[in-house]
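Q: Structure for this input, please:
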Amino acid sequence: MRKLTALALAVVMFGAPLALQAADPEVPEGAKALVAKLKAVRPDLPVEGVHATPIEDIYGLELPDGTVLYGTADGRHLFAGDLYVLGEQLANFTESRRTVQRRALMKTMPLEDMVVFSPDKETRKSVYVFTDVDCGYCRKLHQEMADLNDRGIEVRYLAYPRAGIGSDSYRKIVSAWCSDDQREALTKLKLGGDVPEKSCVNPVAAQYDLGRKVGISGTPAIVTEDGQLFPGYMPAAQLAAQLGLN
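A: Numbering: from 1, shown residues only. Predicted structure coming up:
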């Protein structure tokens, strides 16, 4: 079961603005007492969405980083973790919702704002990769770019400097995005080299924020076009298999 993330723990300790009100039209009728109780007890909890679940009188409360808390309609109980449905197979209801939300969120970032490595021949599948130039496993994945492209996989890089906005890694990746040849600059940094420091209007902060919204906690993080998330490094052959490529 998924534990409370750092954000969830942080808001319990320090707080952040509550985004939903009990009277909001997007709050399911049966969940209004739950939202009202939360507002009364913890007005600082940043709930961004509320949805019904397969369990009667249990509702999901969505936090900004993708964490979902579940609560009872009467507002008396709240718990964290993934909700599974037991049928012929074990299905993760929570992750299914995250997948749909990720797919929608990824479509909000223009392709032209990404650094794209495309196959010379037919593109069979495309993946989004949140990357950090100082991340060892990001560099390892980048070393397999030729293999990925040979398998027909297009890699769409988004910036995710793990140390945060304003860090040294942030300045490096901004320089890559602001370079005349973004792919060359990004490759050089991933090989441990240096590129001239540059600044320009760039999407790095927006991509970092997007990564947090889709639940990225480390790099590399691979997101498929249909919204699946594969956290961490994955060899080219394994990724191709996950994408259904022979």
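
Q: Which strands or helices does the longest helix along the chain pack on?
A: Ranked by residue count and defined by DSSP state H, the top helix of the chain is helix 93-106. Applying 3 or more Cβ pairs under 8 Å, 6 or more residues apart in numbering; DSSP states H and E, one finds that helix 93-106 contacts strand 68-72, strand 84-86, helix 204-213, strand 229-231. The C-beta positions use only the backbone N, C-alpha and C, and glycine is treated the same way.

Q: Okay, angle between that helix and strand 68-72 too, please.
A: 130 degrees (axes from the mean of the first three to the mean of the last three Cα atoms, to 10 degrees).

Q: So which residues make contact with helix 93-106?
A: Residues outside helix 93-106 that contact it (Cβ atoms under 8 Å, 6 or more residues apart in numbering): 2, 51, 53-54, 60, 66, 68, 81-85, 128, 210, 213-215, 223, 225-229.

Q: Recalculate using a threshold of 10 Å.
A: For helix 93-106, contacts defined as Cβ atoms under 10 Å, 6 or more residues apart in numbering pick out 1-2, 49, 51, 53-55, 60, 62, 66-68, 70, 81-85, 92, 128, 156, 158, 210-211, 213-216, 223-229.

Q: Repeat that for stretch 236-246.
A: For stretch 236-246, contacts defined as Cβ under 10 Å, 6+ apart pick out 124-127, 129, 141, 143-153, 155, 222, 224-226, 228, 230, 233-235.

Q: do that again at 6 Å, thanks
A: For stretch 236-246, contacts defined as Cβ atoms under 6 Å, 6 or more residues apart in numbering pick out 124-125, 144, 147-148, 151.

Q: hang on, the earlier thing: among the helices and strands packed on helix 93-106, which is nearest M114?
A: Closest of those to M114 is helix 204-213, at 8.0 Å (criterion: Cβ to Cβ).

Q: Tell me the backbone dihedrals of G60, please.
A: phi -90, psi 140 (degrees, to the nearest 10).

Q: Could you give the number of residues near it?
A: G60: 19 surrounding residues under other Cβ atoms under 10 Å.

Q: just checking, it touches V68?
A: Yes: G60 lies in contact with V68 (Cβ atoms under 6 Å); the separation is 4.9 Å.

Q: farthest pair in the contacts of stretch 236-246?
A: R124 and E144 (16.1 Å).

Q: So for these two, which residue has more residues nearby?
A: E144 (19 against 15).

Q: residues contacting that one?
A: So E144 contacts A236 (Cβ under 6 Å, 6+ apart).

Q: May I see the buried residues of stretch 93-113?
A: Buried residues in stretch 93-113, counted by 16 or more other Cβ atoms under 10 Å: 93-95, 97-99, 101-103, 105-106, 109.

Q: mind giving me the domain split of this protein?
A: The chain breaks down by automatic domain parsing into domains covering 6-102, 111-242.

Q: Of those, which stretch is the most buried?
A: For those, average neighbour numbers computed from mean count of other Cβ atoms under 10 Å are highest in domain 111-242, which has a mean of 17.
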